[in-house]
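[1] Based on what follows, work out the 3D shape:
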Amino acid sequence: MRGRSRFLTAFRTTTAAATAALLCVGALSGCTAGAPETAAPSGKAARPAQKPTPTPTPPPKPSPTSLWDVSPGSVAAVGDSVTRAFDACAILADCPEVSWATGTDRAVNSLALRLLGPEKVAARSWNLARTGARMAELPEQMAGAAAEKPELVTVMMGANDACRATPELMTPVADFRFSFETALARLRADAPKAQVYVSSLPDLKRLWSTGRLSPAGLEVWKLGICGSMLADAEDLGPAAERRRDRVRERVVAYNEVLEEVCAEDELCRYDGGAVFGFRFDGGQLSPWDWFHPSRDGQARLAELAYRRITEG
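    Numbering: from 1, shown residues only. Here you go, the predicted structure:
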């Protein structure tokens, strides 16, 4: 009987172990099929291994909000004869009603007309430009513009700094920069929130190459218009070409100043060289001097400005 008892005890033990092994194999969790346990110090229960803590995803940063308003409610224009539309309607006369910046002529469709509409353009726009003005005058014009508290100021100034009797009389680049910086500072003192659109200067040499094809233009130029570029307009010799290239290089330098100074002001937009690169043809130049923009040329300037100002 004792032998049988020992046999039954061994049998039960073996059967229990086999059953446990089968349960471990068939189970989805527990035993060796589960997560490994972390070895515990003697006398303490084993702890399941901790899962790694996921790294939190940082919230997306908001995109910077542009300070530029694409629909300003008032416009002040400063500059020279181009903004006064000199020789656009009659010989040797300003014609501000067709100005690219503030004119009321529907055919030109000035910047102010596009932004304000015909009902508001007379009361909410001011043309403070002066025919013959050079950059040294811009601070004074800017002070006048600031007094009106405009939401937008347009600047087209500098052609007369290059258009002197001779290249030697052109405004030095350093003086040009100082005057432009002073003008912006004057505006910011009294109208800190005003936006500024700065036009590049036109390519005077390209105007020469277009206008010289007109016999009437050649005769008018002999009266002394922009002598540094247009004097002896039919002379294609090396000395004349060097003179014209020198003037063109000065215009390029002026445009670089306009771009660099404007870039330092978060409420200033330069036209990116759009006016300098525009190819004025015969129909877009004044029929009286073949140099200033005609009505159609003024319309093209308005279009270039509106496109840049209303970019998002």
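
[2] Only C-alpha atoms from now on, for both contacts and neighbour counts.
    Will do.

[3] Leaving out sequence neighbours, find the closest residue to T131.
    Counting by CA to CA, 6 or more residues apart in numbering, S81 is the residue found nearest to T131 once chain neighbours are left out, at 3.8 Å.

[4] Assign a three-state SS to that neighbour, would you?
    Assigned state for S81: coil (three-state reduction, DSSP: H, G, I helix; E, B strand; the rest coil).

[5] for the one 3 residues further on, same thing?
    Local secondary structure at R84 is given as coil here, using three-state DSSP.

[6] In this structure it contacts A129, no?
    Yes - under the contact definition of CA atoms under 8 Å, R84 touches A129, with a separation of 6.2 Å.

[7] Run through the stretch 1-150 of the chain and note the low-pLDDT ranges.
    1-65 (pLDDT under 70).

[8] show me where it has helices.
    2-26, 111-116, 138-147 (DSSP state H, counting those that start in this stretch).

[9] before we move on, what about the stretch 201-312 of the chain?
    Along the stretch 201-312 of the chain, counting by DSSP H, counting those that start in this stretch, helices occupy 204-211, 215-221, 227-230, 238-263, 274-277, 295-309.

[10] Could you tell me the least trusted of the ones you listed?
    Lowest mean pLDDT of the helices of the stretch 201-312 of the chain: helix 215-221, a mean of 92.

[11] before we move on, back to that, quick one, which of the helices of the stretch 201-312 of the chain is nearest to V173?
    helix 238-263 (6.5 Å; CA to CA).

[12] Report the buried residues of the closest one.
    Neighbour counts using 16 or more other CA atoms under 10 Å place 240, 244, 246-248, 250-259, 261-262 of helix 238-263 among the buried residues.

[13] how close does the residue nearest to T131 sit to L267?
    Using CA to CA, to the nearest Å, S81 is found at 25 Å from L267.

[14] same question, R188
    Remark: distance between R188 and L267 (CA to CA) = 10 Å.

[15] Now the common contact residues for these two.
    The contact sets of R188 and L267 overlap at A194 (CA atoms under 8 Å, 6 or more residues apart in numbering).

[16] How about the contacts made by the nearest residue to A194 once chain neighbours are set aside?
    Of all residues not flanking A194 in the chain, E151 sits nearest, at 4.7 Å (CA to CA, 6+ apart). By CA under 8 Å, 6+ apart, E151 lies in contact with 72-75, 193-195.

[17] Surely K149 and A189 touch.
    No - using CA under 8 Å, K149 is not in contact with A189; the gap is 11.2 Å.

[18] more crowded one of the two?
    K149 (18 against 11; other CA atoms under 10 Å).

[19] is it true that C268 touches S199?
    No - using CA under 8 Å, C268 makes no contact with S199, being 10.9 Å away.

[20] Have a look at those two and say which one is more surrounded.
    When C268 and S199 are compared on other CA under 10 Å, the one with more neighbours turns out to be S199, at 27 against 22.

[21] How much space separates that one from C163?
    Separation of S199 from C163 (CA to CA): 17 Å.

[22] Also Y197?
    Relative to C163, and taking CA to CA, Y197 is found at 23 Å.

[23] now do K149
    32 Å.

[24] thought G227 was touching E168?
    No - using CA under 8 Å, G227 makes no contact with E168, being 11.2 Å away.
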